[in-house]
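Asker: sequence unknown, structure follows:
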């Protein structure tokens, strides 16, 4: 029985393997870089004492903090690869343009992992990139999406994208063909399955356990799913 109905096992496992590999390498590198970056002993002392953790525990947390950015980037790339592997869709790669496209449905999108991953000035750049892309003959009558996988406040949205320009104080013009959308809504749009993102999250422990050395018990899986429900509206 396949892991998911909207992507092949081969593509899913390959995408998961890539994330696990990146995280493992980042953690290995963090060990070497931890002292090279100069640890602030005052921060370590105050944080450790006020949080009732040992110096060893603080160092573990600091190592995790230093790998956080690498992990977040890997998760963003993971969603891009998953979405680009769905039938009819294509991953446009890491060449600096937009991320995924469906020529038949006339949809092209830029995918980011979290609503606050992208700062205001970068949102302007994304809007302009989508606008320029839609002007090309190859993308005539396309709709361009800015995808925020994890939305702000569990909200579902699919609306015109009008980011503010900090330099002028004005928003970019409203264009119904340039839109911002949350992760659950975009996964549903791509796959035709309303709960596709939840299905992906729920199968990940099994995929990781069957292809790597990591395992979770049922209690831990339930606890992680509680985090999913806090990030998304699952009703």
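Answerer: Cool, got the structure. This is a predicted model, so every value here is computed, not measured.
Asker: could you measure the residue most central in space within the chain against residue 184, distance?
Answerer: With the centre of the chain defined as its mean C-alpha position, the nearest residue by C-alpha atoms, centre = their mean is residue 113, 2.4 Å away. The spacing between residue 113 and residue 184, counted by C-beta to C-beta, to the nearest Å, is 14 Å. No exception for glycine: its C-beta is placed from N, CA and C like everyone else's.
Asker: picking that back up, ok, the residue nearest to the centre of the chain - contacts?
Answerer: In this structure, residue 113 makes contact with 72, 75, 76, 79, 149, 150, judged by C-beta atoms under 8 Å, 6 or more residues apart in numbering.
Asker: do residue 4 as well
Answerer: For residue 4, counting by C-beta under 8 Å, 6+ apart, the contacting residues are 12, 196, 199, 200, 203.
Asker: okay, now the spatially closest residue to residue 209 that is not a sequence neighbour: neighbour count?
Answerer: The spatial neighbour of residue 209 that comes closest, neighbours along the chain excluded (C-beta to C-beta, 6 or more residues apart in numbering), is residue 215 at 4.8 Å. In terms of burial, residue 215 registers 11 neighbours under the definition other C-beta atoms under 10 Å.
Asker: for residue 215, phi and psi?
Answerer: The main-chain torsion angles of residue 215 are listed as degrees, to the nearest 10 and equal phi -140, psi 150.
Asker: and the strand or helix carrying residue 80, what does it pack against?
Answerer: With elements taken from DSSP states H and E, the one containing residue 80 is helix 55-84. Taking 3 or more C-beta pairs under 8 Å, 6 or more residues apart in numbering; DSSP states H and E as the contact definition, the neighbouring helices and strands of helix 55-84 are helix 9-33, helix 41-50, strand 90-91, strand 100-102, strand 107-114, strand 143-150, helix 183-191.
Asker: let me know the average pLDDT across that helix.
Answerer: Averaging pLDDT along helix 55-84 gives 88.
Asker: map the structural domains onto the sequence of this protein.
Answerer: 10-71, 90-191 (automatic domain parsing).
Asker: out of the helices and strands packed on helix 55-84, flag the one nearest residue 165.
Answerer: Closest to residue 165 of those, according to C-beta to C-beta: strand 143-150, at 15.2 Å.
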